[in-house]
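> Dropping the sequence and predicted coords here.
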Amino acid sequence: MVAHTFSPIDLIPDFIPILGYLDDLIITPVGLALAIRMIPAEVLAEARSKVATSGLREAGSVGHIGAGVIIFVWIVMLIGVVYLVKILSK
């Protein structure tokens, strides 16, 4: 769900007034709630206890990797748009 929230690919583009952000405001919380419900209670309890004892240092790197992937996708898309503009302007 985090990937959907920060992804440049959107169901409804954000530049459409109100509706553009409405899908992000609905899909992200509903998706997170659904994901948490799908996790078995034993697994969730074990994960919560593991985080409580070890801290969040190990989990923080996953967020950086995800952010890096999204930034990479943005850069590739930007390069593609610049390339298309150059080709079409000839």
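Arrived safely.
> those helices in the protein, which residues are they?
Remark: helices assigned in the chain by DSSP state H are 2-6, 19-38, 41-54, 57-88.
> Any idea how far stretch 13-33 is from the middle of the chain?
12 Å (Cα atoms, centre = their mean, to the nearest Å).
> how about it: buried residues?
For stretch 13-33, the buried set under the neighbour-count rule, 16 or more other Cβ atoms under 10 Å, comprises 23-24, 27. C-beta: built from backbone N, CA, C; applies to glycine.
> May I see those organised as CSV, with pLDDT and distance to residue 76 added?
Shown next, in CSV, are these (pLDDT from 0 to 100; distance: Cβ to Cβ, whole Å):
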residue, pLDDT, distance to residue 76
23, 76, 23
24, 76, 22
27, 80, 24
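> out of these, which one sits closest to residue 44?
residue 27 (21.8 Å; Cβ to Cβ).
> Distance check, that closest one against residue 12.
Distance check for residue 27 against residue 12: by Cβ to Cβ, to the nearest Å, it reads 10 Å.
> ok, now residue 73?
19 Å.
> Next, count neighbours for residue 70.
By other Cβ atoms under 10 Å, the residues close to residue 70 number 16.
> That one and residue 64: what is the separation?
Distance from residue 70 to residue 64, by Cβ to Cβ: 11 Å.
> One more: residue 51?
Residue 51 is 17 Å from residue 64, by Cβ to Cβ.
> The two: which has the busier surroundings?
More crowded of residue 51 and residue 64, by other Cβ under 10 Å: residue 51, with 12 against 9.
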